[in-house]
Structure formats: C-alpha cells, structure tokens
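Undergrad: Just need the structure, nothing else, for what follows:
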Amino acid sequence: MFRRSRDQIVSTEPERAFDDFHDWVLSLPWVVERPYNLDTPGVRCFAVDCEPLGRRQLWLMTGLDGARRRSNPSLTVIVPRAAANEIEDAGWGRIVAPMPREHSLVAIDRSSFGCRREVEALVLTAYGYAMS
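TA: The predicted model follows:
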C-alpha cells in the first residue's frame, strides 16, 4: 500500500516529517477529500469513495484541534469500536465520540509513535477498515 519510491528520503525532523502527509493520503486508491462545512480553517476530511465495492465512508480528518499546522496536523480516524478500544488501550489515542454503525472517532496521539511510518501504519489500518 505504500506509494513511496525506494529512493525517497523521509525527513527525520519532526516539524518536517508530515509536510507531504495529505498528498500521501490522497495517493491511496479511492480516497477523496470531502469539504468540511464548519468555519474551522485547516480541517481536512478524507473519505473512501469506491463505486465498484459500493463503499463511501469518511475515515480520516486532520486539523480538528484548530491549530494551523500544515507540517504537523492533528489526526483523527474513524474505526470500528473494537479497534478504537485497542488503540486507546495501547495508548496511541483516545476515543472522542461514538459514531454510527458501531464505530468511534479516535484522536491519535502522535507523540506515542516513534516515527511517521508507525503513524502511517495506523492510518492504513483505518483505511483498511473503511474499505472493508
């Protein structure tokens, strides 16, 4: 699922490590960006829109904390409730709100991860749930 060339260098500087994060998310198959209607600058919403599988589901939001940090946006995922409980139990995030169809909105605590690739793995897990 990673669409990264072997020669690409991932920045080790924390403030630069997420500069291309939104582009990476949009490079995933069937991921589209949805508009966010509230007057909150910096919030971006991503959904799966896969007509062949009949899947349309919001699964990732960035910037919900209100901070305008392009290079270090906050992350929130929508996953099944059981997965949300595992994320919370592991200390990787906290459940923010219940969602329809036995899902939960989970704010990810990126400080509990060692590098961007670990965050990407969690984001890809949420993407997998949205596709299934």
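Undergrad: To what extent is residue 64 buried, counted in neighbours?
TA: If you count neighbours by other Cβ atoms under 10 Å, residue 64 ends up with 20. Where C-beta positions appear, they are placed from N, C-alpha and C, glycine not excepted.
Undergrad: could we number from 22 for the rest of this?
TA: That works, and once the first residue is 22, the last one we named lands at residue 85.
Undergrad: From residue 96, how far off is it?
TA: Noted for residue 85: a distance of 9 Å to residue 96, by Cβ to Cβ, to the nearest Å.
Undergrad: got any residues that touch both of the two?
TA: Counting by Cβ atoms under 8 Å, 6 or more residues apart in numbering, the shared contacts of residue 85 and residue 96 are residue 128.
Undergrad: Provide the secondary structure category for residue 141.
TA: Classification of residue 141 using DSSP: H, G, I helix; E, B strand; the rest coil returns helix.
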